[in-house]
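sequence below, structure please.
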Amino acid sequence: MKAEFTAVVEKGEKYYISWCPEVPGANGQGKTKEQCLQNLKEAIRLILQDRIEDGLRGISENSSSEKIVVEV
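Residues are numbered from 1 along each chain as shown. Here you go, the predicted model:
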């Protein structure tokens, strides 16, 4: 799955910090901007993976599921 998100980045005294407004709780930091953005990408990936797994738990055996594509 590929998706685009907004990365807000600020430079502090020693570190860059970032967050993603579309994914609450997704934050990153690093000594370089690139490292900061990579850490944010990983945070977003982990949060979305957890939400997908959590959402699929408890689906009845009588139900079916299909993948759909949504373009924004």
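
the residue found closest to residue 10 once you drop the neighbours it is linked to in the chain: helix or strand, and which one exactly?
Spatial nearest neighbour of residue 10, chain neighbours left out: residue 17 (5.4 Å); criterion: Cβ to Cβ, 6 or more residues apart in numbering. All C-beta spots, glycine's among them, are computed from the backbone N, C-alpha and C. Assessed by DSSP states H and E, residue 17 sits inside strand 16-19.

mind listing what that strand pairs with, with the direction of each?
In the sheet, strand 16-19 lines up against strand 8-11 (antiparallel), strand 27-30 (antiparallel) (DSSP bridges).

contacts for the first one?
Around strand 8-11, the neighbours that count as contacts under Cβ atoms under 8 Å, 6 or more residues apart in numbering are 16-21, 33, 36-37.

OK, contacts around the residue nearest to residue 10?
Residue 17 is in contact with 9-10, 27-29, 36, counting by Cβ under 8 Å, 6+ apart.

ok, of these, which one's closest to residue 57?
residue 27 (25.5 Å; Cβ to Cβ).

and the residue lying closest to the closest one once chain neighbours are set aside, bridged to which residues?
Excluding its sequence neighbours, the residue lying closest to residue 27 (Cβ to Cβ, 6+ apart) is residue 19, at 4.8 Å. On the basis of DSSP bridges, residue 19 is bridged to residue 8, residue 27.

burial measure for residue 19, as a count.
Residue 19: 20 surrounding residues under other Cβ atoms under 10 Å.

ok, now residue 59?
10.

what about it, which SS state?
Taking DSSP: H, G, I helix; E, B strand; the rest coil as the rule, one finds residue 59 in the coil state.

measure it to residue 53 for me?
Distance of residue 59 to residue 53, computed by Cβ to Cβ, to the nearest Å: 12 Å.
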